[in-house]
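Visitor: Quick one, what's the 3D model for this:
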Amino acid sequence: MVLPQRLTAEESFPFVPPVLAAAAAAYQLARVAESAQLALMAQQELDDEWSDDVRALVLRARERIYETQQSRTALRDRVREFVTGLRESGDSASSVIDHSRSMIRLLESTGVITSDDGRLEAEVVAWATEDCRPPEA
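Guide: Next up, the predicted model:
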């Protein structure tokens, strides 16, 4: 018995649309900036009266959260376009989900995004799964 070989990301999905790659990279950068800003904010005594510096720090955190939400929405829209295109060309739901996973792995392997222990991949697969559902009657 011969066991099937696992395909690499490059073999199973060789191309990531540039707009999707850019959106994934922007989202990841926004999440990193947001995390760093929230870590700075967490070091402050927020129960005390806020100094001008603390107030500025909190406002920057709010800006980073908003930027991350905007980047997430942009990536979500690109994933929806990607999934819709594959579905319209006749790909099955399971094939679309496999392509979505491969796409994230390809982005990681080419250095467009860095590995985050599967967090982004899980998010993209969840979105792809949602977009593969048939419309409700």
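Visitor: How about the spatially most central residue of the chain, nearest residue that isn't a chain neighbour?
Guide: Most central in the chain under CA atoms, centre = their mean is residue 120, positioned 4.3 Å from the mean C-alpha point. Distances taken as CB to CB, 6 or more residues apart in numbering put residue 104 closest to residue 120, at 6.0 Å, once the chain neighbours are dropped. The way it works is simple: take the backbone N, C-alpha and C, and place the C-beta from them, glycine included.
Visitor: Which helix or which strand is home to the one you found?
Guide: helix 93-109 (DSSP states H and E).
Visitor: So which elements touch the helix or strand that that helix is followed by?
Guide: Later in the chain than helix 93-109, the nearest helix or strand by DSSP H and E is helix 119-132. Secondary-structure packing of helix 119-132 (3 or more CB pairs under 8 Å, 6 or more residues apart in numbering; DSSP states H and E): helix 18-42, helix 52-88, helix 93-109.
Visitor: worst-scoring helix or strand of this structure, pLDDT-wise?
Guide: None of the helices or strands of the chain scores lower by mean pLDDT, DSSP states H and E than helix 9-12, at a mean of 45.
Visitor: still on that earlier bit, worst average pLDDT in the helices and strands packed on helix 119-132?
Guide: Lowest mean pLDDT of those: helix 93-109, a mean of 90.
Visitor: wait, what's in contact with the residue nearest to residue 120?
Guide: Contacts for residue 104 (CB atoms under 8 Å, 6 or more residues apart in numbering) come out as 24, 113, 120-121, 124.
Visitor: Please apply the same query to residue 114.
Guide: By CB under 8 Å, 6+ apart, the neighbours of residue 114 are 28, 108.
Visitor: give me phi/psi at it?
Guide: Main-chain torsions, residue 114, degrees, to the nearest 10: phi -100, psi 150.
Visitor: picking up where we left off before, Throw the helices and strands packed on helix 119-132 into a markdown table and include distance to residue 133, thanks.
Guide: Putting those into a markdown table (distance: least, CB to CB, whole Å) gives the following:
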| stretch | distance to residue 133 |
| --- | --- |
| helix 18-42 | 20 |
| helix 52-88 | 10 |
| helix 93-109 | 8 |
